[in-house]
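Asker: Can you look at this prediction? I've put the sequence above it.
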Amino acid sequence: MTVHHDHTPPAPGPEPVEERLRGWATEDRDRIAVTMLIQEHALLARPAVRRVLVARTDDGVRADWTHLSLRLTDLELDDAEYAFLEVVLAVALGRQVLLDRVLPLGERRLAVVLRALAAWAGVDTIAVGTRS
C-alpha cells in the first residue's frame, strides 16, 4: 500500500495577540505599555485580562487602555499584579501614579518598569538587570 504525504505546509494561524498588539502600537506610550505587558507575559496570558484590554477592530486589534482602567478592580488581581497594571496604565494614558506602587512588584516586574521608564525617557544605554 502506497501512502502519499502532502508536503504542503499548513496554513499559518492567526498571529499571536502579543504580535498584533505590537504591530498596532505605533505611538510611543502605546508601544512602551504594550512592551511592558509582553515582557511581563503572565498578565497578558490571562483570558480575563485579554477580554478587558484587547479590542477587535476592522484592522485587527488594539489595546483599550480606558476599558482596562475602568475594569481593573473586576480582574481579581493580587496587589503586585494590580500595581503593575496601574503603572502600565500610567504610561499608556499619561496618568500620574504614586511612586510607591512599585514596592509590591518584585524583581522581575520592577525590571520591566525600569526598562520602560528608560525607553520612555529615550535612553537605551541603561542596563537593567543583574550585574555580574
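Answerer: Everything's here; your move. Numbering: from 1, shown residues only.
Asker: Residue 48 against residue 72, yeah?
Answerer: No: here residue 48 does not reach residue 72: they are 11.1 Å apart, not a contact under C-beta atoms under 8 Å. All C-beta spots, glycine's among them, are computed from the backbone N, C-alpha and C.
Asker: neighbour count winner among those two?
Answerer: Higher neighbour count among residue 48 and residue 72: residue 72, with 16 against 13, using other C-beta atoms under 10 Å.
Asker: for the nearest residue to that one once chain neighbours are set aside, phi and psi?
Answerer: Closest residue in space to residue 72, ignoring its immediate chain neighbours: residue 85 at 6.0 Å, by C-beta to C-beta, 6 or more residues apart in numbering. The phi/psi pair for residue 85 (degrees, to the nearest 10) reads phi -70, psi -30.
Asker: what's near enough to touch residue 85?
Answerer: 43, 68, 72, 75, 77 (C-beta atoms under 8 Å, 6 or more residues apart in numbering).
Asker: Likewise for residue 63?
Answerer: 21, 24, 25, 30, 33, 34, 53, 54, 55, 92.
Asker: Could you give the bridge partners of it?
Answerer: Beta-bridge partners of residue 63, counted by DSSP bridges, are residue 54.
Asker: which residues of the chain fall in helices?
Answerer: Remark: helices assigned in the chain by DSSP state H are 17-24, 28-40, 47-53, 65-71, 79-93, 106-120.
Asker: ok, how many other residues are close to the closest residue to residue 35 other than its chain neighbours?
Answerer: The shortest distance from residue 35 to any non-neighbouring residue, by C-beta to C-beta, 6+ apart, is to residue 116 (6.8 Å). Residues lying near residue 116 (other C-beta under 10 Å) number 21.
Asker: swap in residue 58?
Answerer: 4.
Asker: who's in contact with the residue lying closest to residue 110 once chain neighbours are set aside?
Answerer: Once flanking residues are discounted, residue 110 sits nearest to residue 102: 5.9 Å by C-beta to C-beta, 6+ apart. Residue 102 makes contacts with 83, 87, 110, 113, as judged by C-beta under 8 Å, 6+ apart.
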